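Trainee: my questions concern the predicted model and sequence given below.
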Amino acid sequence: MPLNCTDADQLLMKYYLSPVYALEFTLGFLGNLVVVLGYPLCLLEWRSTNVYLYNLAVSDSIFLCTLPRLSYLYANEMDETSPPACVFNRYMLHVNLYSSILFMALVSVDRFLLLCHPHRNHVFLTRKAAICASLVVWLLVNIEMAPIIYYNDQNNLENNGTKCNDFASLSKTWGFFGYSMGLTLLGYLVPLLALFISSRRIASVLTTQEEAFKNRAQSFKRPLFVVRAAFFMFLLLYTPYHVMRNVRIASRLNGQSDCSVEHIESVYIVTRPIAFSHSVINPVFYFLMSDQFRELLVAKLQSLKRRIVN
């Protein structure tokens, strides 16, 4: 008997989303936890970059903590048992998804400013400015994500609190589609543009001032590599997710056949863990961007090892 077109979505949720979410949590949480605990223990002097990277690690850690619940529900094909927990989990997932994007953008801008002002004489390279910028990011992202509480509540009422739907399945209204498009613009495309401009400006400065920086050129090549890598990571991981999320929402509004809508949802499901894998990859940036932290962490671990042995 042939499979119904809706079966693919259920199979993807159980056999793709559930194990991949569990794997992402397992791999990513430890790396981010090392930074969350290690920065306060190892770093005596915090610079602007450290502030942004620490907030990024906190954001990624919270984000990853939302995945086990989703993995469990998908694996067991369970209905939602706690509507408030569903709303809270979805809200925290998206708040920390977009705060992570913004903090990566701030790191890239910080690298560019440091290249232009190596003595840290720019006001935005101070620790105080970094703390203020981080607080603004948390405030803005929470404001951006406030509507998702309303849409989740409405979705719970429509389904009698038995389903914890993903973002693209919350509402079948043009207003929700406009909200998703606005979030894509402000939460993704603007930070992506900041990453792109930063990498181009860093490359331009290195090219035009190569002679001036000839003794330190190598020290600036790594920031250029990191910023470029972050840009391509954004482009490759987040673009399919944002495109398919908006296509998925639009497909429910324009009267397409049920099977066409379900096929679009299947592709959208595939893109979700790909986008969420940023939290697994980000810890690499913590160690590439901070020699001091890496050296101090290794020293702490060696000291702890000697104490255990002795």
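Mentor: Nice, thanks for sending it over.
Trainee: which residues touch residue 268?
Mentor: 168, 241, 244, 245, 247, 248 (Cβ atoms under 8 Å, 6 or more residues apart in numbering). From N, CA and C alone the C-beta is placed, and that goes for glycine too.
Trainee: any stretches of the chain with poor pLDDT?
Mentor: 1-6, 79, 207-223, 255-257, 286-306, 309-310 (pLDDT under 70).
Trainee: can you map out the helices along the protein?
Mentor: 7-12, 18-42, 48-65, 67-76, 83-116, 127-158, 174-184, 190-208, 217-251, 258-276, 278-289, 291-309 (DSSP state H).
Trainee: nearest to residue 164, of the ones you listed?
Mentor: Minimum separation from residue 164 across those (Cβ to Cβ) falls at helix 83-116, 3.7 Å.
Trainee: tilt between that closest one and helix 48-65?
Mentor: 160 degrees (axes from the mean of the first three to the mean of the last three Cα atoms, to 10 degrees).
Trainee: tell me the angle of helix 83-116 relative to helix 67-76?
Mentor: Using the same axes, to 10 degrees: helix 83-116 against helix 67-76 is 130 degrees.
Trainee: name the residues of helix 83-116 that come out as buried.
Mentor: Judged by neighbour count (16 or more other Cβ atoms under 10 Å), helix 83-116 contains these buried residues: 83, 86-87, 89-91, 93-115.
Trainee: do stretch 114-130 as well
Mentor: 114, 115, 124, 125, 130.
Trainee: now do the second one against residue 226, distance only.
Mentor: Look at residue 115 and residue 226: by Cβ to Cβ, to the nearest Å, they are 12 Å apart.
Trainee: do I have it right that residue 65 meets residue 29?
Mentor: Yes - Residue 65 is within contact range of residue 29, at 7.4 Å (criterion: Cβ atoms under 8 Å).
Trainee: more neighbours, these two?
Mentor: Set residue 65 next to residue 29 and count neighbours by other Cβ atoms under 10 Å: residue 29 wins out with 21 against 16.
Trainee: give me the neighbour count for residue 157.
Mentor: Neighbour number of residue 157 under other Cβ under 10 Å is 10.
Trainee: now do the contacts for it.
Mentor: No contacts exist for residue 157 under Cβ under 8 Å, 6+ apart.
Trainee: on that earlier part again, ok, and the most crowded of the contacts of residue 268?
Mentor: Counting by other Cβ under 10 Å, top hit in these: residue 168 with 24 neighbours.
Trainee: residues contacting it?
Mentor: Contacts of residue 168 by Cβ under 8 Å, 6+ apart are 180, 245, 248, 249, 265, 268.
Trainee: ok, now how distant is the nearest residue to residue 285 once chain neighbours are set aside from residue 234?
Mentor: Nearest residue to residue 285 in three dimensions, chain neighbours excluded: residue 226, at 6.3 Å (Cβ to Cβ, 6 or more residues apart in numbering). Per Cβ to Cβ, residue 226 is found 13 Å from residue 234.
Trainee: same question, residue 159
Mentor: 33 Å.
Trainee: between these two, which is the more surrounded one?
Mentor: Using other Cβ under 10 Å as the criterion, residue 159 and residue 234 rank with residue 234 on top: 22 against 14.
Trainee: so residue 34 sits against residue 283, correct?
Mentor: Yes - the criterion here is Cβ under 8 Å, and residue 34 meets it with residue 283 at 7.1 Å.
Trainee: of those two, which one has the most company?
Mentor: More neighbours surround residue 283 than the other of residue 34 and residue 283, with 22 against 17 (other Cβ under 10 Å).
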